[in-house]
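S.K.: Sequence and computational prediction follow.
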Amino acid sequence: MLTLNGKKMAKSTGNNILPMDLFTGKNEMFKKPYSPEVFRFFMLQAHYTSILDISEDALNASEKGYYRLMEAVNKLPELKPANEDGAFDTKEWLKKCYAAMDDDFNSPLLIAQLFDAVKFINLVIHKNHPIGVSQWETLSKMMPEFIHEVLGIAKEQKKSSDTTLKLTGAVDLLIKLRNKARENKDFETSDQIRDQLMESGIQLKDGKEGTTFSID
């Protein structure tokens, strides 16, 4: 069952999960667009038999988690294995990952195991923690397999994703500046920000819940 901010939604039909376009941002529910992979990751964090409550906070949290996961996986090939193993039992980790899949395809539990591996990978990247050859080989092979093959999350289009994040951040900043100008009754600046964004193909929409934007 899908719920939006705690309210039950109509059952989906065909491939339409929601009666709005989450991926382009052209909807009245959310302030920015979300990639299909972020939305898929969000859904996988709940068991398929449970209620899935969709909210902007939940999607934002999933977006951060998704990019954190992708960042760790993308940096795995750059790591240099050491002669000693780090503090991470890859054999036990694999057992837990397979156990999660055997448990009625418990995707939230599998994702939790993936983030246990992410913690270890980040220790290696940022804290100079050792990673042994066997550990590196196991994680380099199995992390992408669990993410892309088992969970069906497509490989990240890095340039496109980075550009989208930067654009969203820039527009959010301009919206805040515009709101500040409106509070100060500086309508000339407010209108200028709106008009210049419109010239760039970015449409602002003011509503009761705040200002949202869409990209034409």
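M.R.: Looks like it arrived, so ask away.

S.K.: can we go C-alpha only for contacts and neighbour counts from here?
M.R.: OK.

S.K.: Can you pull the domain assignment for the protein?
M.R.: Following automatic domain parsing, the chain resolves into domains at 2-62, 79-150, 158-215.

S.K.: Dump the ones you listed into a markdown table; add distance to residue 68, mean pLDDT and mean neighbour count as well.
M.R.: Output for the domains of the chain, formatted as a markdown table (distance: least, C-alpha to C-alpha, whole Å; pLDDT from 0 to 100; neighbours: other C-alpha atoms under 10 Å):
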| stretch | distance to residue 68 | mean pLDDT | mean neighbour count |
| --- | --- | --- | --- |
| domain 2-62 | 10 | 70 | 15 |
| domain 79-150 | 8 | 95 | 16 |
| domain 158-215 | 13 | 80 | 14 |
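
S.K.: tell me the centre residue of this protein?
M.R.: The centre of the chain sits closest to residue 63, judged by C-alpha atoms, centre = their mean, with a distance of 2.1 Å.

S.K.: Phi first, then psi, for it.
M.R.: With angles defined as degrees, to the nearest 10, residue 63 sits at phi -60, psi -40.

S.K.: element containing residue 139?
M.R.: Following DSSP states H and E, one finds residue 139 within helix 133-144.

S.K.: Export the domains of the chain as a markdown table, with columns for distance to residue 70.
M.R.: Compiled in a markdown table, the domains of the chain are given as follows (distance: least, C-alpha to C-alpha, whole Å):
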| stretch | distance to residue 70 |
| --- | --- |
| domain 2-62 | 11 |
| domain 79-150 | 9 |
| domain 158-215 | 9 |
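
S.K.: Show me the one of the ones you listed that comes nearest residue 69.
M.R.: With C-alpha to C-alpha as the measure, domain 79-150 is the member of these nearest residue 69 (6.6 Å).

S.K.: Quick check: which helices or strands does the helix holding residue 139 pack against?
M.R.: If contacts are counted by 3 or more C-alpha pairs under 8 Å, 6 or more residues apart in numbering; DSSP states H and E, helix 133-144 sits against helix 56-75, helix 90-102.

S.K.: rewinding a little: correct me, but the residue nearest to the centre of the chain touches residue 36?
M.R.: No. Contact criterion C-alpha atoms under 8 Å: residue 63 and residue 36 do not qualify, at 10.6 Å.

S.K.: that older thread, ok, and what's touching the helix holding residue 139?
M.R.: Where contact means C-alpha atoms under 8 Å, 6 or more residues apart in numbering, the residues beyond helix 133-144 that reach it are 73, 76-77, 79, 81-83, 85, 88, 90, 114, 117.

S.K.: Between all of the residues you listed, which two are separated the most?
M.R.: Maximum distance among those (C-alpha to C-alpha): 24.0 Å, for 83 and 114.

S.K.: What ranges does this protein have for its helices?
M.R.: 36-44, 56-75, 90-102, 107-126, 133-144, 158-183, 187-199 (DSSP state H).

S.K.: Can you lay out those as TSV showing distance to residue 206?
M.R.: Converted to TSV, the helices of the chain look like this (distance: least, C-alpha to C-alpha, whole Å):
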stretch	distance to residue 206
helix 36-44	25
helix 56-75	17
helix 90-102	45
helix 107-126	36
helix 133-144	41
helix 158-183	10
helix 187-199	11
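
S.K.: between these, which one is nearest to residue 212?
M.R.: Closest of the helices of the chain to residue 212 is helix 158-183, at 8.5 Å (criterion: C-alpha to C-alpha).
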